[in-house]
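Participant: here is my input, please return the structure:
(3 chains)
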Amino acid sequence: MYETNYHRASSVSEAASLLAGSDEAKLLAGGQTLIPTMKQRLAAPSDVVDIRHIAELKGISVSGSKVTIGAATSHAEVAQSADIANVCPALCGLAAHIGDPHVRHMGTIGGSIANNDPAADYPAAMVALDATIHTNNRTISASDFFVGLFETALDEGEIVTAVSFDAPSKAAYQKFPNPASRYAMAGVFVAQGNGGIRVGVTGAGSEGVFRSSEMEEALASDFSPAALDAIAVDPAGMLADIHGSAVYRANLVKVMARRAVAAAG
Amino acid sequence: MTSISLNVNGRQVSGEAEDRTLLVEFLRTNLGMTGTHVGCDTSQCGACVVHVDGQAVKSCTMLAVQANGSDVTTIEGLASNGTLHPVQKAFHENHGLQCGFCTPGMIMAATDMIRRHGSALDEKTVRQELEGNICRCTGYHNIVKSILAAAAEMGDAQQAAE
Amino acid sequence: MGVEGIGARVARKEDKRFITGKGRYTDDMVVPGMKHAVFVRSPHAHAKIKSIDTSSASAMPGVIGILDGKQLTEDGIGSLICGWAVHSKDGSPMNMGVWRPLAEDTVRYVGDAVLIVVADTGDQARAAAEAVVIDYEELPAVTTALAAMKDGAPQIHPEADHNLIFDWEIGNGADVDAAIANAAHVTNLDVDNNRLVPNAMEPRATLGVYDDSEEHYTCWTTSQNPHVARLVMSAFYNVAPENKLRVIAPDVGGGFGSKIYIYPEEIVCLWASKRTGVPVKWTADRTEAFLTDAHGRDHVSNIKIAFDADNRITALKVDTIANLGAYMSLFSSSVPTYLYATLLSGQYNIANVHANVRTVYTNTTPVDAYRGAGRPEASYLVERAMETAARELGVSPAELRRKNFITQFPHQTPVIMNYDGGDFGASLDAATKAADYDGFPARKAEAAGRGKLRGIGMSCYIEACGIAPSKAVGSLGAGVGLWESAEVRVNAVGTVEVLTGSHSHGQGHETTFAQLVAERLGVGMDTVSIVHGDTDKVQMGMGTYGSRSGAVGMSAVSVALDRVEAKAKKVAAHLLEADESDIIIENGELKVAGTDKSVPWFQMALACYTAHNLPDGMEPGLKESAFFDPTNFSFPAGCYICEVEVDPETGKTEIIQFVAADDFGNIINPMIVEGQVHGGVAQGIGQAMLESCIYDPDTGQLLTASYMDYAMPRADDLPSFDVSTTVTPSPSNPLGIKGCGEAGAIGSPPAVINAITDAIGSNKLEMPASPQAVWAALNAK
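Facilitator: Next up, the predicted model:
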């Protein structure tokens, strides 16, 4: 790891001013992606600003169907949240299968979505739940937030503070993990909410997380696995690597989607 | 350099380290506690698992300074007054280790797993929960057996105490 | 069997230090003044080194020295050797290229070491290593053996035209061809054996310390055989004479073959310690381990098995091309020849066997022995072909095998090996019973109802262990005999120290060797200490690999114990005024048989050292040593059955049950033997379903250089295993042990693939049978 300077922020505003004070600063939430990247000398921030201890970024609140999760909430906390489980158990199940138990103790929802790894789980849920991403400056809809591979709509120095969404009437997430990394090779989050049916797909798309409007339309008229049978996922938009060709990933997207619909019931 | 204070295995310790120093490096190099191991660079093998403020974390994926002020438990701190922790005992009795390199991380992961699941652990859950710990020697067969045995024993002990 | 003796399920003595964090591995070692090394390695698969500029790197903070291959050559450090000379069938010696510990002119694989940087801290060394400027002229690279043999392929070593190292054969070729021509049926199969990365969880490390006052070197290293390391570094690499070089292999975190070899890093760190005047420690990171630990397997083969009209095998013919990587590693020549083709007769009575093996250089990491070493490749080939033959012939795979089993021993195969015992039918019976083999069709039908494809597969493997009878391997070109040594010291208080040349890196020798002593001397295991891994303590040794520690290492202990017992009986007879032939050793006492006269073990030992009352002419003390050389290889064998379910929508395969029925001869500690089988089977399943070492064919970059891309078997990839043993003792060593360390990795891959191909109804499947590969095979139909 290259040299770096560590700062522990006690408030969002302090974190923002620490970020602004350096050209090469990065936010450090759970660090489960940033630190491995720094260890491999693929990232070399001059400063890291630790936001894990900021009280205002923590916590889960569920009010009626409205769910709000602080950005520094760990995957383990989401997985174990009885409040979220009451209204959207699919999200708990998703969080319970991110990484491994040790990663889930440290990794945070804010860190995951701000990083926008194309194989991360949360982005699929965010777009399918039509979530709102709250930052220290504004709110951004999930559809606008995830821009491309490791790219988001966040401005320089902007900090994710929370995510919120209306709990869907039904939802489920199914993923097929990469045999080596265990990241999603295809992860599909299906949700039926007030705004209709939304299908978020991660791990497979060459541009990162995406919604499958074709599947959404098919499910709108018939919310059943069979409704997806006629859909052909186009391999042209799929990632390809040694673990899965584009054709194989296209197949996985469809299979995971069908299983998610079945699981959502 | 930053001054880092930790409570490690019940003892207050401090030391100077660069901010880039990983918790595992601080334990191994600054404190000379070499029971915690490093087996990969990509935060996957779990040989480095310790407990920070009561939760299992990968000490290779946390800066020492991130843990500043925290309570840390390592493999060296698990036995108390010469009595092995039930998980350590179970690994011994069930041949849950061979070369011993992954063992500290396995045992720390296992104690955390039992803390969260209690004696209700079943084989499938144990296998899923070991996703972040790689062993090359045992084929996991006896590790799984050890964890199930420890969970049962700890569950019995808890029931007896209640 | 007592509670501690031979056959007892004793929990391991060595466990306590490992479960309390007190294990001491090489990277844990700290000596005064110790500094840290980082190697500058080639980023290219094949290139000329045009220039090296270390000027700015040398001036960086903390840098003590940056050393190169020219300096190494100036100091007379030798080139790496291959310890087994294999000749081509035309009689010519193998075409071996030069492997310098630090490359001077040409780099031949990604990871080839060029410079060592020594600095106060690892971070400083790493920063300086990045600041070194090396001007490379890139050359075309080739990564597969088939491509490397073609006209116009990049020439990797001038010594090896078309990159061919040797073209070797074994067996009776003309007879084989005639038998195939006259066969009622010939099964013909092309089979690849995928390249693997050993991945011991402890990355390699070494600490080299030069003491100029004594002109003495100490090398701490992650080795399976510290004495061989000292021998080779002294005799061939000119690091130091043996009496000036101490090699210590402390706790070692797994080996699986990869820590047999003496790598450039040990040599260079010792040399650098002298050059820089500081102790030098190097520890590999995982990616470095992927790039530089010797890889395993990597064969491309064709097999033909000929049957007569009664389904009896009349001939077996194999053609194999083995990729040895960029340099010939220490045992690399023997793995695809004498450790491979000599086992191609399998468990079967075959009059005619012939194999041709070509070995080839490529721009990849050197390939050498990895758990099983040649024998997994042989068993995979033969057992896939046997299962295929049964399907083609429309007969039961179990019965086709049984019909062809060797049942009379000794049995001389056409490929050197003389099987000295076994009961293959017993293993087959045990495995088929445990697996409920006959009940499979009902389970398959039930799975089909759930939309799953269920398959069952079998393999009946045989291997050669107890490596190795020195005369036999010497006649085949091995540079050194593979005996083992032991010393048994009985202290004045009766406690026992056993010094062994075997090295434990997970095998539990501190327990099993003590069990043998407890059994023989009637003393408690807690009074027995096993000492290993230090050339200053143990006289000599050949180390641990090839499932040899029980059959060879423990046999040496047994012979030394014979000698200890003989003297102890003489002393006791003298003390008890009895005849030594009447003395028996039992429960911590030496007794006169049939009387109540006895002397406690410790009192006899004390008498040896007080020496006041010894028989006239007897030397004081009680310490005996032995060198044991087996009379033959030992032949572990067994039957493995794997049952799987394939999800046809994703190609994901789940192992529903895995049954292993092995014959390891006599067993010292069944718990430890079972653990060895579990681990071996897991590695075999890893090879069959998960692990794949992939190079970019154009650039020669290793694409699977971390656990992000190399799929290691994890707990949820595997089932619990059903393991059992049958026993026919080995006649080639006094303990009747055959060896158990590699069997799991040898027998399991064909069983897994036979099960998956059965499930999917297609035989077009290579390892690893990843979800994608299985799905593709299903959809190619």
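Participant: quick check: longest helix of chain B.
Facilitator: helix B:141-161 (DSSP state H).
Participant: which residues are contacting that helix?
Facilitator: B:86-87, B:89-91, B:93-97, B:106, B:110, B:113-114, B:117-123, B:126-127, B:130, B:135, C:675, C:678, C:682, C:715, C:718, C:720-721 (CB atoms under 8 Å, 6 or more residues apart in numbering or on different chains). Just so you know, the C-beta spots here come from the backbone N, C-alpha and C atoms, and that holds for glycine as well.
Participant: could you pull out the helices for the stretch 51-200 of chain A?
Facilitator: A:75-80, A:82-87, A:89-95, A:101-106, A:109-115, A:122-128, A:142-145 (DSSP state H, counting those that start in this stretch).
Participant: same question but for chain B, I mixed them up
Facilitator: Counting by DSSP H, the helices of chain B are B:23-25, B:86-93, B:103-117, B:123-129, B:141-161.
Participant: state the pLDDT value of the residue lying closest to residue C:20 once chain neighbours are set aside.
Facilitator: Using CB to CB, 6 or more residues apart in numbering or on different chains and skipping the chain neighbours, the partner closest in space to residue C:20 is residue B:79 (5.8 Å). You'll see residue B:79 listed with a pLDDT of 96.
Participant: what sits against residue B:79?
Facilitator: B:85, B:88, C:20 are the contacts of residue B:79 under CB under 8 Å, 6+ apart.
Participant: between those, which is nearest chain A?
Facilitator: residue B:85 (18.2 Å; CB to the nearest CB).
Participant: circling back: mean pLDDT lowest for which of the helices of chain B?
Facilitator: Note on those: lowest mean pLDDT is at helix B:141-161, with a mean of 91.
Participant: domain ranges for chain B?
Facilitator: B:2-76, B:86-161 (automatic domain parsing).
Participant: could those domains go into TSV alongside distance to residue C:646 and mean neighbour count?
Facilitator: Converted to TSV, the domains of chain B look like this (distance: least, CB to CB, whole Å; neighbours: other CB atoms under 10 Å in any protein chain shown):
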stretch	distance to residue C:646	mean neighbour count
domain B:2-76	26	22
domain B:86-161	19	22
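Participant: for residue A:30, which three-state class applies?
Facilitator: When classified by DSSP: H, G, I helix; E, B strand; the rest coil, residue A:30 comes out as coil.
Participant: need the phi and psi values for it.
Facilitator: With angles defined as degrees, to the nearest 10, residue A:30 sits at phi -80, psi -20.
Participant: contacts only, for residue A:186.
Facilitator: A:175-176, A:201-204, A:249, A:252-253, A:255-256.
Participant: farthest pair in those residues?
Facilitator: A:202 and A:255 (14.7 Å; CB to CB).
Participant: just want to know which of those two has more residues nearby.
Facilitator: residue A:202 (33 against 22; other CB atoms under 10 Å in any protein chain shown).
Participant: could you measure from the nearest residue to that one once chain neighbours are set aside over to residue B:54?
Facilitator: Computed as CB to CB, 6+ apart, the closest residue to residue A:202 that is not its neighbour in sequence is residue A:124, at 3.9 Å. For residue A:124, the distance to residue B:54 equals 31 Å [CB to CB, to the nearest Å].
Participant: next: residue C:597.
Facilitator: Distance from residue C:597 to residue B:54, counting by CB to CB: 63 Å.
Participant: residues in contact with the residue nearest the centre of chain B?
Facilitator: Centroid-nearest residue in chain B: residue B:108, 2.0 Å away (criterion: CA atoms, centre = their mean). Residues near residue B:108 by CB under 8 Å, 6+ apart: B:49-51, B:56, B:73-75, B:78.
Participant: can I get the helices of chain B in a markdown table including distance to residue C:14?
Facilitator: Converted to a markdown table, the helices of chain B look like this (distance: least, CB to CB, whole Å):
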| stretch | distance to residue C:14 |
| --- | --- |
| helix B:23-25 | 24 |
| helix B:86-93 | 10 |
| helix B:103-117 | 11 |
| helix B:123-129 | 25 |
| helix B:141-161 | 15 |
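Participant: once you drop chain neighbours, what's closest to residue B:103?
Facilitator: Nearest residue to residue B:103, sequence neighbours excluded (CB to CB, 6+ apart): residue B:97, at 4.4 Å.
Participant: now do that neighbour, the pLDDT please.
Facilitator: Residue B:97 is given a pLDDT of 98.
Participant: contacts only, for it.
Facilitator: Residue B:97 neighbours (CB under 8 Å, 6+ apart): B:91, B:103, B:106, B:137-138, B:143, C:15, C:18-19.
Participant: and what of residue A:81?
Facilitator: Counting by CB under 8 Å, 6+ apart, residue A:81 touches A:60, A:92.
Participant: how about it, phi and psi?
Facilitator: According to degrees, to the nearest 10, residue A:81 has phi -70, psi 110.
Participant: low-confidence ranges, the chain, go.
Facilitator: Since you didn't name a chain, this refers to chain A. Along chain A, no part satisfies pLDDT under 70.
Participant: that's the other chain; I wanted chain C
Facilitator: For chain C, the ranges with pLDDT under 70 are C:1-2, C:781.
Participant: tell me who's in contact with whatever residue of it ends up closest to chain A.
Facilitator: Taking CB to the nearest CB as the measure, chain C has residue C:711 as its residue closest to chain A, at 3.9 Å. By CB under 8 Å, 6+ apart, the contact set of residue C:711 is A:179-180, C:686, C:690-692, C:768, C:770.
Participant: if we go to 10 Å?
Facilitator: Residues near residue C:711 by CB atoms under 10 Å, 6 or more residues apart in numbering or on different chains: A:178-182, A:243, C:686, C:689-692, C:704, C:717, C:768, C:770.
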